Every structure is written in C-alpha cells, then in structure tokens.
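Trainee: sequence and predicted model, in that order:
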Number of protein chains: 2
Amino acid sequence: MPSVEIIAVGSELLTPERVDTNSLWLTAQLNELGFEVTAKSIIGDQRERLTQAYRQALASADVVISTGGLGPTEDDVTRDCAAEALGVPLEHWESLWDDLKAKFARMGRPIPENNRRQASVLQGGESLPNPHGTAPGQWFGREGGALVLLPGPPRELKPMFSNHVMERLRPLAGASVLVRRTLKIYGLGESAMDEMLAPLYPRHPEVTVTTLFTALDLEVHLLASGATSELGLRKVTPLELAVREVLGLYVYGETAQSLAEVVGQQLLAAGKTLVTAESITGGLVAQRVTEVPGSSAYFLGGFVTYSEDMKHHVLGVPEGMLAQFSAVSAPVAEAMAAGARARSGADYALSLTGYAGPDGGTEEDPVGTAYLGLAGPAGVESRRVKFVGDRELVRSRCAQAALDWLRRALLA
Amino acid sequence: MPSVEIIAVGSELLTPERVDTNSLWLTAQLNELGFEVTAKSIIGDQRERLTQAYRQALASADVVISTGGLGPTEDDVTRDCAAEALGVPLEHWESLWDDLKAKFARMGRPIPENNRRQASVLQGGESLPNPHGTAPGQWFGREGGALVLLPGPPRELKPMFSNHVMERLRPLAGASVLVRRTLKIYGLGESAMDEMLAPLYPRHPEVTVTTLFTALDLEVHLLASGATSELGLRKVTPLELAVREVLGLYVYGETAQSLAEVVGQQLLAAGKTLVTAESITGGLVAQRVTEVPGSSAYFLGGFVTYSEDMKHHVLGVPEGMLAQFSAVSAPVAEAMAAGARARSGADYALSLTGYAGPDGGTEEDPVGTAYLGLAGPAGVESRRVKFVGDRELVRSRCAQAALDWLRRALLA
C-alpha cells in the first residue's frame, strides 16, 4: 500500500489547545483510497525547518500532503518552502491573479497587494481551484507520487480534496483498498458494548474493529482491505450484520448520520411534524434539528422558555405548577411539551427542563438532572435523566437523549 | 526562548480517530516552563524513518521529547532509533532488569524475556522511574539541551514528566517564560486586518504575532518571552494597546471569550434582558447565548418560528406582510423582533430570517442572504447580510452577525 505523509503548517497549531483535525479527516479519506499514512507533523512558520520537513517527507513517502500556510501574509511560507525542497522555482500565473481580483471585486473589496503571493505556482505543478476561499491549492506530480498543497481551513480543504485531489490520487493507489463501515450507537457504555461485541470478532479475523467513544455516542468502525471495495465489503458485511443483530435498537445510524438527521427522515417518511420546548438546552435541540437541510418540511419551530414567566405566558405552564413542583420537574416537562404541541399544531413536541450547571440544582435533582417531555398523538409522557459533565456536555447529552427518545417512539 | 520538538511514536496514532493528546498536555507544561514548541510529529513504527526524525529534531531544537514505543515488543523501536540518531550504544542495566523482575513478581506473573529490552539505557543517559507501568523513561543530556524518552500511556507519562523531567528541564529553560495575549476580532477579513496591523509590528520586534482566521472571526495572538510573566507582559502590552487602538470596535474580546459571553456581560452590566426570534438559525443564537453559565440572568428565552404559520401565530407577524414581502424580508425581520419583544417583555429582541441553503432563495435574495432585526427601547431596525458558505456556515455567520450587532448597539 503506497505511503502518505501529512505536514500541517502553522505556529497556531502548536498551542496546548489546537488539534490538527484536518489530518484526521485526510487519513480517513486516504485509507479508503488505499493509502497508508506513515507519518504526520506540524511545523511552525520557520522556513528552514519546514523546507527540511518537506525534503524528508518527499524522501520517505510516495505522496506528501501539506495543509495550511497558503494565505497572503508573510507567515505563509508553504509555497516558498515547497519550491525549495523540490528544487523548482515558483511562477506567477496571471490567470490566477485575475481570478483573485475578480473574487475580491465580487465581495466589493479592494484586493491587497499581499494577495499576489497566492498567484504563485510551483513550476510544472497544477493549480487547484478554491471556491470557498482565496488560497488556490497545488498539485505537483512526481515519479509514482506527488506533493499536494492544500489550504488550512477545513471548509476549503475538504471540497478541494474531494473534488480535485482524489481523482489525481486514485491512479497512484495500490492494488488494494481499505473499506470502512461505521455504525453509530446511542445508549450504551463503551465497555458494555465491548462485552456484547467481543465474542463476534474471532469469527471475522480479516476485519479490524475500532470503537470510538465520543461525548454523545459510540461508533463502531469495521475495516477490511480488498482488491476492490466490493471484495472488501464482502468481508465487512457479515460482521456488520452480526453487530446490528446483537446491538438491535442501540444502532441508530451509519457513517456521518446524526441522530437529528435520522429522526428527520422518520418524521418525513411518516408525514409528521415536530415542535420543541426547551429550557436547559436553550435552543440546542432546535438547532440540531434545523442543521439538517430540508428540515422545514417537518420542523415547525420551537420555544426557548428560559424564564418561568415565559414558560407560563408562552407555553401555558400553570403558575401554581411552577410554584409547587419547580420549573425542573416532571409535571412542568409534560406541560411544556403539551403547551408547545397545542400552540403549534405539531404532531410531536419534545421538551427539556433541567439544571445544566455549574450552579443550581437541588438535593434530589442535582446539576446534570433534567426532565424530558414527549407529547404526541397518544398523549404526553416524561422521563428523568441524569448526566455527568460540564455545562456544555450536560446540555449536549440532554439534547441527544431527547432526540433518541423521539427516534424510538417513532419506531414503535 | 529554547525550542522543543515532540515526537510521538506508534502506528496506532496514525488512524483517522486518534488524537495525540500527550503533545497537547506537554505543550502546556513546556510553555509554562519557558520553552516554545516549534514542531511535533507522529511517526509509525518504521525504524529508518524514526531515526531520521530524531536526527532532524536534534539538529533543529534544543530539547527533543519522544513519547511511546518503550514497550517490550518488536514494534517498540524508540530506544534503538534514539541510540542510532545520537550515535551512542545502548547499555544493559542489571539494576533495571532486577526492578522489572520484582515488578512482575509483585503482580504474580512470570516476566517474559522480551521485557529485557526495557532494561536498555542510552550510554551516558539516565533512567527515569515509572511507578505506573513497566517502561522506564530516559533522559539524555546534551550541550544546552536533552533528548527525553517518555512512555506513551498518559497515566505513566504525566507523573514521570512532572516528577522527573521538569526539574531537569528548568535549568535549560533559560531565564524566560512565554506570555500570550489573544484578542478576538469580528467583522474584518484576514488580509484587511493584516494591512491595518503590519505597520505596528516593526516597532515591537520582541513580540511574535500570529493571526488565526476561523469560520466566525479572527484571533490575534501576541507572544513574548520574559524572565517572569510580568516582564513578558511588559513587552506584549504596548503592542496589545496599539492593536486595540487601530482595530477599535472590531475587537470584541480576549482569550477564550465568545461573542455571546461578551454580549451577556454587557446585558448584565446594563441590567437589560434579551429575547430571540429565529428562523434561518433555528435556535443557534439562543443556544450560543445560553451556553454561557448564568445567562438566565439576562436571557428570557426565544422563539424558533420555522414555519410561516408560527411566525404569524406565535410572533404576530401579519399574514398580509408575509404574503406581500415573503418570510425573508426586512419588514418580517422587524415584525419578528418587535413581536418577540412585546410577547416576552424583554428589553432587546434579535431576529433572523433568511435562506441557509442548499435549496431556496430568490434572484434578489439568493442562498446566504438573511435579514436581521433588532428591537429595543429606541425602536426597531433591520439589516440585510449576505454570507458565503454551506448551510452550517451561513447559519453560524448569521448568528455571529446578529450578536455583533447587539454588542455594538449596547456600546452606543
């Protein structure tokens, strides 16, 4: 399997906080194409060090992919260092400069002279268009390999890789490809899932299984190599079916599907509509639902009733109920859901009220506790959930729990 | 400031899922000690490539820290490659071998012959004890620097670094620590900002400036070293003040502050409350506002009126207005804001209506166009904004634009 090294450029990636997510995404794409990533680095903006890094990577790997450092400023040293490492000059492309000028004109802004740098291309290389930003990418083919320069922002890098680099890499890929199937799971702990699945693995020795535990759910990745993706799939599919059988309803989707997307498909197929009534999550459920293109076909809207006053006036939660049970209680969750459903005319209403922290909570219902409500054609119900984590995590987990409840209700 | 390169060893770190969290933790420790991390890499288990990586790092940086690859198996190539790169032999330490045998005896397990590898130390180096695992670490001092070999598991690496490496690094740290100030900027393009700031830099040669362009805003990082953080700040502060003066209202916050947090502080200080009325952003503005702990003190709630029906029934947008101007229009944005303000009793209401895509839009108002409304004590206004990007980015940018409008309104 041919090898790839990935080099990310930029001092800002060398802080204690930043993770080079581009290289993770690229690795997944490259594995699927049939390349192995053998090394990756992050190099600051020092010219000499970066030039050395390119030289070493070019000497060790078939393909070298560089990300970032293609901007218009002094720090953007990628082009210069790549040229030096390859021993070829940079050429000014007037056509690229014209494109850049046109881009700025469309935005109604004068083009800074700085941006002229972005019209320099490695001699013998190709320029890769960037409809999402100003920095064009570059492809420089070599005997059995290539050096590829991609912009750093993921929203620019990803489409450029998918639309212009993949087709160029395919002829360089080896005889075998790596096939990956990803299942998304909600409601199980990592070790509980591991115990359920471990007995299956020995019967499928050709499939590599990785489980990924995220803040919200679990992923099971099944990988196998084959001469074609069809032959790889023949190894993976029997294990996938076995995993689906063992995990049952815990499996909610596959690959990049979100829970909101799955619920959206269910609502669409059933011709039903949804409304939300949020307190603890402050709009997060509505936001996840509407992240999905076309969600206006089934999502009517939502209420974020943060104050007690709004719970009462907007959703009709009785003041006496708020006083007797507090805003974080099962009766209030049910009244919020029922109120939102009645006021919007939606088929289903999801509600959430709880304590996200860091402050608040009571002895019986400490921070991390929430009541979820679900109102539908069959009536209204509530559930108590309790999550650990900081404010963001608690909110996120509550939103996910509510969506999963609706998913299972729609399956019933 | 002395430089450090970090090299993580192990093919298992080169998958699409794994993040090298050790290097993030080490970077935080090293920055505080007064070292700058200038490069980091992950290298698979290939001997030749790893030896080269050590050679290059040793030639470029004062200190090289290697993590992982110290286990007892064939793949654990760190010791051999480090020895080769340094040009020194490995020595068998009988005392380490005795320690390892004692460790296994305590666990009641026979010691595999393989583990003998873990008793090899670089000639002239020191062994670092590992109470949490079998792999000892190593310290190899060089003129003004060192090569440090640490085990990969974080629960072994962290105490070893804190208890045995920090004290050895301190004398090499020279006299200085790294001070970082981060300013957050909204409403400027990267190259426009660069042109505004570039004239300032030559007057502050001791400060390193990095700009970071994210999907939502810009960050300017100002870094300087000093014998103490106070002395470092003395270098950074004059440039920070100059940057603030040149950028004026474009600077909305610092370090990890979000725009929603800044707006929250303004509302809190003014004793004012906010409500939102969202269509295009589907709850995203409310979610960002409520991400901030304590936001219930100024955020009453929000309306996500996705359907026209909800815009009319919940917010009171006249049906005739929706028919005449369409839901994506300045009059509707204003009516949404005014309606939300009236229904909630909040001091300020922000509204957003637009086309997020991928489908929808009109000739005059294509995908990416939105109308924002702001209702306050002084009346109601609207604005038209137009962003490029996919659905997620358009929504995210609309939310940010609305929050920034409110921020500026609250400053006036």
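Mentor: Looks like it came in fine.
Trainee: quick one: strands adjacent to the helix-or-strand element of chain A with minimal mean pLDDT?
Mentor: Across the helices and strands of chain A, mean pLDDT, DSSP states H and E gives its lowest value to strand A:208-213, namely a mean of 78. Strand pairing for strand A:208-213, using DSSP bridges, gives strand A:218-226 (antiparallel).
Trainee: avg pLDDT for the strand it pairs with?
Mentor: The average pLDDT for strand A:218-226 rounds to 88.
Trainee: using PDB, write out every CA atom in that strand.
Mentor: The C-alpha trace of strand A:218-226 is given here as PDB (Å, rounded to 0.1, in the frame of the first residue of the first chain):
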ATOM      1  CA  LEU A 218     -20.400   5.400  20.200                       C
ATOM      2  CA  GLU A 219     -19.100   4.500  16.800                       C
ATOM      3  CA  VAL A 220     -18.100   1.000  15.700                       C
ATOM      4  CA  HIS A 221     -15.700   1.100  12.700                       C
ATOM      5  CA  LEU A 222     -15.300  -2.100  10.700                       C
ATOM      6  CA  LEU A 223     -12.300  -2.100   8.300                       C
ATOM      7  CA  ALA A 224     -11.100  -4.700   5.800                       C
ATOM      8  CA  SER A 225      -8.900  -4.500   2.700                       C
ATOM      9  CA  GLY A 226      -9.700  -6.000  -0.700                       C
END
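Trainee: which is the next helix or strand following that strand?
Mentor: Next along the chain after strand A:218-226, taking DSSP states H and E as the criterion, comes helix A:229-247.
Trainee: list the buried residues for that following helix?
Mentor: Of the residues in helix A:229-247, A:S229, A:G232, A:K235, A:V236, A:L239, A:E240, A:A242, A:V243, A:L247 count as buried by neighbour count, 16 or more other Cβ atoms under 10 Å in any protein chain shown. In this view, the C-beta of every residue, glycine as well, is placed from N, C-alpha and C.
Trainee: distance between it and the chain's centre?
Mentor: Computed by Cα atoms, centre = their mean, to the nearest Å, the chain-centroid distance of helix A:229-247 equals 24 Å.
Trainee: average model confidence for it?
Mentor: Here the average pLDDT along helix A:229-247 is 95.
Trainee: helices or strands next to that helix in the packing?
Mentor: strand A:177-185, helix A:190-197, strand A:218-226 (3 or more Cβ pairs under 8 Å, 6 or more residues apart in numbering or on different chains; DSSP states H and E).
Trainee: repeat the analysis, applying 6 Å as the threshold.
Mentor: Secondary-structure packing of helix A:229-247 (3 or more Cβ pairs under 6 Å, 6 or more residues apart in numbering or on different chains; DSSP states H and E): strand A:177-185, strand A:218-226.
Trainee: turn the ones you listed into JSON lines, including mean neighbour count and distance to A:A270.
Mentor: Formatted as JSON lines, the helices and strands packed on helix A:229-247 follow (neighbours: other Cβ atoms under 10 Å in any protein chain shown; distance: least, Cβ to Cβ, whole Å):
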{"stretch": "strand A:177-185", "mean neighbour count": "21", "distance to A:A270": "21"}
{"stretch": "strand A:218-226", "mean neighbour count": "20", "distance to A:A270": "27"}
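Trainee: chain A - how does it break down into domains?
Mentor: A:3-172, A:177-254, A:259-411 (automatic domain parsing).
Trainee: now distance to B:N114 too, for the ones you listed, in JSON lines please.
Mentor: As requested, the domains of chain A are exported to JSON lines (distance: least, Cβ to Cβ, whole Å):
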{"stretch": "domain A:3-172", "distance to B:N114": "25"}
{"stretch": "domain A:177-254", "distance to B:N114": "24"}
{"stretch": "domain A:259-411", "distance to B:N114": "39"}
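Trainee: any buried residues in stretch A:18-36, and which?
Mentor: In stretch A:18-36, counting by 16+ other Cβ under 10 Å, buried: A:20, A:22-36.
Trainee: one step back: check the domains of chain A for me and report the most buried one.
Mentor: domain A:259-411 (a mean of 21; mean count of other Cβ atoms under 10 Å in any protein chain shown).
Trainee: related to what we said a few turns ago, closest to B:D390 out of the helices and strands packed on helix A:229-247?
Mentor: Closest to B:D390 of the helices and strands packed on helix A:229-247 is strand A:177-185 (Cβ to Cβ; 21.4 Å).
Trainee: hmm, that closest one in reach of chain B?
Mentor: No. On the criterion Cβ under 6 Å from any Cβ of the partner chain, strand A:177-185 is out of touch with chain B, staying 8.4 Å away.
Trainee: could you say what helices and strands that strand packs with?
Mentor: Using 3+ Cβ pairs under 6 Å, 6+ apart, strand A:177-185 is in contact with strand A:218-226, helix A:229-247, strand A:251-254.
Trainee: partners of the shortest one in the sheet?
Mentor: Read it as strand A:251-254. strand A:177-185 (antiparallel).
Trainee: just the buried residues of stretch A:18-36: which are in strands?
Mentor: A:E36 (DSSP state E).
Trainee: max pairwise distance over the buried residues of stretch A:18-36: which two?
Mentor: Top of the distance list for these (Cβ to Cβ): A:D20 and A:G34, 22.7 Å.
Trainee: quick check, pLDDT for A:S176.
Mentor: pLDDT, A:S176: 79.
Trainee: from memory it sits against A:S225, does it?
Mentor: Yes. Counting by Cβ atoms under 6 Å, A:S225 is a contact partner of A:S176 at 4.6 Å.
Trainee: from the contact counts, what lies against the helix ranked longest in chain A?
Mentor: Scanning chain A for the longest helix, with DSSP state H as the assignment, gives helix A:391-411. Judged by 3+ Cβ pairs under 6 Å, 6+ apart, helix A:391-411 is in contact with helix A:259-270, helix A:284-290, strand A:348-354, strand A:369-376.
Trainee: that helix vs strand A:348-354, what angle?
Mentor: 150 degrees (axes from the mean of the first three to the mean of the last three Cα atoms, to 10 degrees).
Trainee: now could you export just the CA positions of helix A:391-411 as CSV?
Mentor: Taking C-alpha atoms only, helix A:391-411 is exported to CSV below (Å, rounded to 0.1, in the frame of the first residue of the first chain):
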residue,chain,number,x,y,z
ARG,A,391,-22.5,22.6,31.3
GLU,A,392,-21.8,22.1,27.6
LEU,A,393,-21.7,18.3,27.9
VAL,A,394,-24.8,18.1,30.1
ARG,A,395,-26.8,20.2,27.6
SER,A,396,-25.5,18.2,24.7
ARG,A,397,-26.3,14.9,26.3
CYS,A,398,-29.8,16.1,27.2
ALA,A,399,-30.4,17.1,23.6
GLN,A,400,-29.2,13.7,22.4
ALA,A,401,-31.3,11.8,24.9
ALA,A,402,-34.5,13.7,23.8
LEU,A,403,-33.8,13.0,20.2
ASP,A,404,-33.2,9.3,20.8
TRP,A,405,-36.4,9.1,22.8
LEU,A,406,-38.3,10.5,19.8
ARG,A,407,-36.5,8.1,17.5
ARG,A,408,-37.6,5.1,19.5
ALA,A,409,-41.1,6.5,19.9
LEU,A,410,-41.4,6.8,16.1
LEU,A,411,-40.2,3.2,15.6
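Trainee: ok, and what's touching that helix?
Mentor: With contacts defined as Cβ atoms under 6 Å, 6 or more residues apart in numbering or on different chains, helix A:391-411 is touched by A:186, A:215-216, A:259-260, A:263, A:266, A:280-281, A:284-285, A:350, A:352, A:356-357, A:368, A:370, A:372, A:374, A:385, A:387, B:293.
Trainee: now swap in stretch A:214-233 and tell me
Mentor: For stretch A:214-233, using Cβ under 6 Å, 6+ apart, the contacting residues are A:176-186, A:193, A:206-212, A:235-236, A:239-240, A:393, A:400.
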